[in-house]
Structures are given as structure tokens and as C-alpha cells.
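Participant: whatever this is, show me its structure:
(one chain, ligands or ions: 1)
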Amino acid sequence: MPLDEARQANLLNWEDRVPIHAASQGYDLAGLSQDRRRLSRAVERERELLPDLDGRDIVHLQCHIGTDTISLARLGALSVTGYDFSPSALDVARQLAHDAGLTVDFVEGELYDAVDILGSERFDVVYTGGGALCWLPDIRGWARVVARLLRPGGTLHLNEFHPVLFALDENSDSSLSLVYPYFETDEAIVIDEGPVTYTDGDASTITHTVNHEWNHGLGEVVQAVIDAGLTVTALREFMYCGSPVLPNLMIKRDSDGATVLRDRPERAPLSYVLQASKSQS
Ligand SMILES: C[S@@+](CC[C@H](N)C(=O)[O-])C[C@H]1O[C@@H](n2cnc3c(N)ncnc32)[C@H](O)[C@@H]1O
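Facilitator: Have a look, this model is predicted:
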């Protein structure tokens with residue numbers, strides 16, 4: 001389906017970000033391909049929480065440049081498919097998998113077209129998150145896509161930034177201040193960030209700077225998953241997340257590179273993991 005104006009603008013922004021991310025120390029593509037036992041920081045952090053991947057067919061929705069995707073392949077999956085709407089991201093991901101000596105299928109498509117493109121009931125595990133849902137206008141539609149991609153008995157593993165975090169003012173240098181919608185809104189939250197991205201590296205080449213995002217409250221996500229026919233089996237909230245969304249209020253933890261609030265981290269959830277399963281019949 002053709003992209004609407006908002007998602008077309010987002011695609012151009014992601015295309016601009018790809019070469020910066022591919023060259024960044026943060027994503028460290030060279031390190032990941034050379035050390036064949038290494039996992040991306042995100043997958044390393046959540047390793048204990050992942051469902052059993054051994055011998056399973058996995059799809060990674062909104063896989064970006066494939067660092068988490070190849071990490072899943074290293075955890076014993078039978079097959080891994082990465083899916084994203086950014087052709088440049090997928091080119092980088094294919095090269096990464098090749099350099100790492102792994103067979104991973106990378107497929108281009110918009111999230112809501114995933115069942116048409118990949119087929120229904122194809123996967124044992126749907127893995128996604130890390131800044132994926134905020135680009136999607138309709139959480140209930142997303143949950144239906146996930147449910148249709150899964151085989152009977154399959155599992156959704158979502159590890160996402162918390163909607164409370166995304167409602168906070170990213171420019172504040174003192175208090176936690178709610179400025180954006182917590183709940184999903186029909187209208188996108190339109191932000192012109194300027195030439196910046198969340199990794200290290202020179203972002204001045206980013207010319208498409210306007211993002212269209214949508215927040216999705218935790219209850220909305222959970223209810224969407226339930227209404228799509230899945231059974232929620234785990235929901236955990238954490239005081240850490242994967243990147244410094246509130247740069248003036250956060251610090252990086254030495255132990256695992258995660259980001260936490262500098263002061264009284266127990267004040268707000270920064271990320272969550274949701275798991276849900278599709279019934280066997
Ligand atoms: C923040 S990245 C996901 C990041 C991943 N956790 C990582 O760090 O590698 C978001 C990804 O979503 C993709 N994306 C955004 N909107 C999309 C859409 N409507 N359909 C498919 N992919 C989309 C972007 O191309 C980007 O690669």
C-alpha cells in the first residue's frame with residue numbers, strides 16, 4: 001500500500017540516518033561481525049527474558065540495520081527474517097549478516113503490509129521493539145499483524161521504550177515534565193528534531209528532519225494484544241532503557257550500557273517487556 005505523507009516523511013528520515021548508524025561506534029558493525037559470539041547490546045541485556053529461540057522461525061519487525069536480528073540468529077534460531085521499510089537499512093543489514101557468516105533473510109515492507117508480504121502463520125516468534133511502535137499510528141492494527149504472522153503456539157516478544165518516557169519533555173534539564181500525549185492520538189506528534197540522531201557520529205547530513213510519531217499507552221498495547229487473540233504471559237516494567245531519550249536527566253550505566261535516570265530512578269518506568277502467546281488451536 002502506498003505510504004501516507006507522515007510515513008513517507010519518516011522513511012526519508014530513516015534513510016538519512018542509516019549511513020550514520022552504520023558508521024557509528026554505538027552500533028559497532030565491525031565488532032559484531034568479527035566476534036562471532038557477540039550479541040547486540042539490546043539483545044545481550046534482554047537475553048534472560050527472551051523466549052526459547054532454539055529451532056524456531058523468527059521474524060524481527062522493524063529490524064533497522066540488523067544488529068539485533070543477527071544476534072537472534074546467534075541464539076540458535078532455525079531461521080531469522082528481518083523486516084523493515086527502509087531499503088538502505090536492509091542493505092546494511094544484509095552486508096552485516098554476510099560479514100558475520102550468517103544466513104538471514106531481510107525483506108522490505110511497511111509494517112501494516114507484513115502479512116501480505118511475508119505470509120500468515122509463518123513464524124514461531126515475533127520479536128520487535130527498541131523504538132519501533134512509536135512510528136506506527138494504530139496499535140490495534142499492529143497487534144492484528146503480529147497475531148496473524150504467528151503460527152498457533154507462537155510467541156510475541158516486545159521490548160519497548162515506555163510510553164511514560166515518550167510523554168516526557170526531552171529538553172527538560174530539571175524535572176520530569178509531561179508534555180506529549182501518553183495515549184494514542186489520531187494526529188501524529190510532529191517533531192522537527194533538526195539534524196540529530198541517537199547514535200554517535202556526524203548527523204549533519206540528515207536533511208529530512210521532521211518525524212511523525214505516535215505514543216501508545218501501556219494499557220492500549222496490552223488490550224490491543226488481547227483483542228487480537230493473544231494471551232499475555234509476561235509484562236515487566238524497567239527503570240532503564242536503551243538510549244538517552246532525556247539527555248539532560250539520564251546517565252549511562254557502566255555495567256551494561258543501559259540508560260537510567262540520574263536522580264531517583266524509581267520515579268518512572270523507562271522500558272517494558274511484553275510477551276504474549278497464540279493458542280495452539
Ligand atoms: C529505532 S529503529 C528500531 C531499532 C532497533 N531497535 C535498532 O536499534 O536496531 C526503527 C525502525 O523502524 C523502521 N520503521 C519506521 N516506520 C516503519 C513502518 N511504518 N514500517 C516498517 N518499518 C518502519 C525504521 O526504518 C527503523 O529501521
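Participant: need the contact list for the residue in the chain that the ligand sits nearest to.
Facilitator: Nearest residue of the chain to the ligand: Gly130, at 2.5 Å (Cβ to the nearest ligand atom). Every residue, glycine included, has its C-beta placed from N, CA and C. Applying Cβ atoms under 8 Å, 6 or more residues apart in numbering to Gly130 gives the contacts Ala42, Asp68, Asn159, Glu160, Phe161, Gly242.
Participant: and the second one, what does it touch?
Facilitator: The contact partners of Asp68, by Cβ under 8 Å, 6+ apart, come to Ser40, Ala42, Val43, His60, Tyr127, Gly130.
Participant: by neighbours, which of these wins?
Facilitator: Most neighbours among these, by other Cβ atoms under 10 Å: His60, with 30 neighbours.
Participant: can you count the residues close to the residue lying closest to Phe166 once chain neighbours are set aside?
Facilitator: Excluding the flanking residues, the one nearest Phe166 by Cβ to Cβ, 6 or more residues apart in numbering is Asn215, at 4.9 Å. Using other Cβ under 10 Å, Asn215 has 22 neighbouring residues.
Participant: surely Asn215 meets Cys134?
Facilitator: Yes: taking Cβ atoms under 8 Å as the definition, Asn215 is a contact partner of Cys134 at 6.6 Å.
Participant: quick check: neighbours shared by those two?
Facilitator: Residues touching both Asn215 and Cys134 (Cβ under 8 Å, 6+ apart) are Phe166.
Participant: report the contact partners of the closest residue to Ser79 other than its chain neighbours.
Facilitator: Once flanking residues are discounted, Ser79 sits nearest to Asp57: 4.8 Å by Cβ to Cβ, 6+ apart. Neighbour list for Asp57: Ala77, Leu78, Ser79, Thr81, Arg122, Phe123, Asp124, Val125, Arg151 [criterion: Cβ under 8 Å, 6+ apart].
Participant: related to what we said a few turns ago, the contacts of Gly130: which ones sit near the ligand?
Facilitator: Near the ligand, judged by Cβ under 6 Å from any ligand atom, the entries from these are Asp68.
Participant: redo the contacts of Gly130 as CSV? Include secondary structure.
Facilitator: As requested, the contacts of Gly130 are exported to CSV (DSSP: H, G, I helix; E, B strand; the rest coil):
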residue, secondary structure
Ala42, helix
Asp68, helix
Asn159, strand
Glu160, strand
Phe161, strand
Gly242, coil
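Participant: CA atoms only for the helix ranked longest in the chain - export them in PDB, please.
Facilitator: Criterion DSSP state H: the longest helix present in the chain is helix 5-23. Output of helix 5-23 as PDB, limited to C-alpha atoms (Å, rounded to 0.1, in the frame of the first residue of the first chain):
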ATOM      1  CA  GLU A   5       2.600  11.700   3.900                       C
ATOM      2  CA  ALA A   6       3.600  11.100   7.500                       C
ATOM      3  CA  ARG A   7       5.200   7.700   7.000                       C
ATOM      4  CA  GLN A   8       6.800   8.900   3.700                       C
ATOM      5  CA  ALA A   9       8.500  11.700   5.700                       C
ATOM      6  CA  ASN A  10       9.500   9.100   8.400                       C
ATOM      7  CA  LEU A  11      11.000   6.900   5.700                       C
ATOM      8  CA  LEU A  12      13.100   9.700   4.300                       C
ATOM      9  CA  ASN A  13      14.300  10.500   7.800                       C
ATOM     10  CA  TRP A  14      15.300   6.800   8.400                       C
ATOM     11  CA  GLU A  15      17.100   6.700   5.100                       C
ATOM     12  CA  ASP A  16      19.100   9.700   6.100                       C
ATOM     13  CA  ARG A  17      20.000   8.100   9.400                       C
ATOM     14  CA  VAL A  18      21.200   4.800   8.100                       C
ATOM     15  CA  PRO A  19      24.800   5.700   7.000                       C
ATOM     16  CA  ILE A  20      25.400   7.500  10.300                       C
ATOM     17  CA  HIS A  21      24.200   4.500  12.300                       C
ATOM     18  CA  ALA A  22      26.200   2.100  10.100                       C
ATOM     19  CA  ALA A  23      29.400   4.000  10.800                       C
END
